[in-house]
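Q: Return a 3D structure for these sequence lines:
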Amino acid sequence: MTTIERPRAATGSDFAELARRITDAGLLARKPGYYAVRLSVVALMLAGGWTAFLVVGSSWWTLAVAAFLAVTFAQVALVAHDLAHRQVFRTNEPSARAGRIAGNLAIGMSYGYWMDKHTKHHANPNHDDLDPDVTPAVLVWSTEAAGNRRGRFNRRLTRHQAWLFFPLLTLLGLSLKRDSINALRAGGIKRRGLETGLLALHLIAYVTALLVVLSPLQALAFAAVHQALFGVYLGMTFAPNHKGMPHPTGSEDFLRKQVLTSRNVRGGRIVDIALGGLNYQIEHHLFPAMPTPNLRRAQPIVQAYCAEIGVPYEVTGLLESYGIALRHLHEVGAPLR
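A: This next block holds a predicted model:
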């Protein structure tokens, strides 16, 4: 496991100075026009996808609709992400209302569960014990965790986890639904009854639509293609951001903890849209409430400031970022091979 090297003594004023520059540039201001367009486009995609599902009907062309809806579901999830960070609305209540509609009702993922999990991730990115995104589960992200694997199946899986990474992403959509249901059953989520009702409504409507419109075999194929591609797309938006980056020692200041554990992905507007702005992961972690379109403008300010104070700032291409994540998984599994 790589640990963070602190290139200079951390001072509390480092982030304060960067925040002042970002604020002076007006980059924390809300973008209501941008989000009005983005939310409208995503809503139209969702409505259009389900309309196409009904129009195509009981035909194998429905698998093309399933692929389109997989992309749409991922875009809805990215909108829910922005809502959770209060990038769209300034206060919690409208953000939560819209988030439950986008998460629970539209795509079948508990907004409260995901928000709790993601908040912990932002507080301690890449921390082996505190970041749920690197907590040992099906995949493990540190050699220590790999060495602690028990059971023949788990150890065999970890040995080959780099090769299994993308195939396992096909199960991510179903995993989020399972984890959402478990979290709601366990309690501790705000407006638990409302979230449970919306999630149940999504699941019932989804299954009913497939069984009423399609033949049983077509329904099974539609669900498999839809959920698998949704999981792969969603996983590919998050995989480049932290995987293979240093793990914190616990002594870093806020700026270094966020910058040194994160990776940006270079690209144009297409990459920005496809990844929902998460390709500017460093800026997003430093300023989680910054609206997505401002992240691109903040990037050169943050990169220049990091160079000024001697903090490494990592930027890679999209394909290279996946290669880094896969190589890291392969290296983690090496002791078991």
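Q: Every contact and neighbour count from this point should use C-alpha atoms.
A: OK.
Q: other SSEs contacting the helix or strand containing Ala64?
A: Per DSSP states H and E: Ala64 is located in helix 62-84. Helix 62-84 is packed against helix 32-56, helix 92-100, helix 216-242, with contacts defined by 3 or more C-alpha pairs under 8 Å, 6 or more residues apart in numbering; DSSP states H and E.
Q: Neighbours of Ile22, how many?
A: 18 (other C-alpha atoms under 10 Å).
Q: re the thing from before, out of the helices and strands packed on helix 62-84, deepest packed?
A: helix 216-242 (a mean of 20; mean count of other C-alpha atoms under 10 Å).
Q: following that one, which helix or strand shows up next?
A: Counting by DSSP H and E, what follows helix 216-242 is helix 254-259.
Q: And the average pLDDT for that following helix is what?
A: Here helix 254-259 scores 94 as its mean pLDDT.
Q: who's in contact with Asp129?
A: Applying C-alpha atoms under 8 Å, 6 or more residues apart in numbering, we find Asp129 in contact with Thr135.
Q: any idea how far Lys120 is from it?
A: The spacing between Asp129 and Lys120, counted by C-alpha to C-alpha, to the nearest Å, is 11 Å.
Q: Val76 too?
A: Applying C-alpha to C-alpha, the value for Val76 to Lys120 is 22 Å.
Q: for Thr261, same thing?
A: 14 Å.
Q: Same check on Trp50?
A: Counting by C-alpha to C-alpha, the gap from Trp50 to Lys120 is 34 Å.
Q: cool, and Lys190?
A: The value you get for Lys190 to Lys120, if C-alpha to C-alpha is used, is 16 Å.
Q: Could you tell me how many residues sit around Ser59?
A: With other C-alpha under 10 Å as criterion, Ser59 counts 13.
Q: got the contact list for Val134?
A: So Val134 contacts 126-128, 140-141 (C-alpha under 8 Å, 6+ apart).
Q: repeat that for 7 Å
A: 126, 128, 140-141 (C-alpha atoms under 7 Å, 6 or more residues apart in numbering).
Q: How is it assigned, secondary-structure-wise?
A: Classification of Val134 by DSSP: H, G, I helix; E, B strand; the rest coil places it in coil.
Q: measure it to Asn294 for me?
A: Between Val134 and Asn294 the distance is 28 Å, computed by C-alpha to C-alpha.
Q: what about the strand or helix carrying Val207, distance to the chain center?
A: In this assignment (DSSP H and E), Val207 forms part of helix 192-213. Distance of helix 192-213 from its chain centroid, counting by C-alpha atoms, centre = their mean, to the nearest Å, is 23 Å.
Q: just stretch 49-67 next, same as before
A: With C-alpha atoms, centre = their mean, you get 27 Å for stretch 49-67.
Q: Quick one: mean pLDDT over that stretch.
A: pLDDT averaged over stretch 49-67 gives 98.
Q: And the contacts of it?
A: Taking C-alpha under 7 Å, 6+ apart as the rule, stretch 49-67 contacts 68-69, 213-215, 218, 222, 225-226, 229.
Q: elements contacting the lowest-mean-pLDDT helix or strand in the chain?
A: Lowest by mean pLDDT, DSSP states H and E among the helices and strands of the chain is helix 143-147, with a mean of 79. Using 3 or more C-alpha pairs under 7 Å, 6 or more residues apart in numbering; DSSP states H and E, no helix or strand is in contact with helix 143-147.
Q: Can you give me the buried ones in that helix?
A: For helix 143-147, a neighbour-count test (16 or more other C-alpha atoms under 10 Å) marks 143, 145-147 as buried.
Q: what distance separates that helix from the centre of its chain?
A: With C-alpha atoms, centre = their mean as the basis, the mean position of helix 143-147 lies at 24 Å from the chain mean.
Q: Quick check: what element follows it along the chain?
A: Assigned by DSSP H and E, the successor of helix 143-147 is helix 152-159.
Q: and the angle from the helix holding Ala64 to helix 216-242?
A: 40 degrees (axes from the mean of the first three to the mean of the last three C-alpha atoms, to 10 degrees).
Q: Show residues contacting stretch 197-209.
A: 104-106, 108, 110.
Q: now with 8 Å?
A: So stretch 197-209 is contacted by 100-101, 104-110 (C-alpha under 8 Å, 6+ apart).
Q: Buried residues in that stretch, which are they?
A: 198-200, 202-203.
Q: tell me the mean pLDDT over it?
A: The model assigns stretch 197-209 a mean pLDDT of 98.
Q: Quick one: closest of the helices and strands packed on helix 62-84 to Thr158.
A: Of all those, helix 216-242 sits nearest to Thr158, with 17.3 Å by C-alpha to C-alpha.
Q: Contacts only, for Gln161.
A: 139, 329-330, 333.
Q: For Gly33, give its distance to Gly235.
A: Going from Gly33 to Gly235 by C-alpha to C-alpha gives 28 Å.
Q: now swap in Val213 and tell me
A: 29 Å.
Q: circling back: and the helix holding Val207 with helix 216-242, angle?
A: Going by the same axes, to 10 degrees, helix 192-213 makes 130 degrees with helix 216-242.
Q: Alright, I will stop here.
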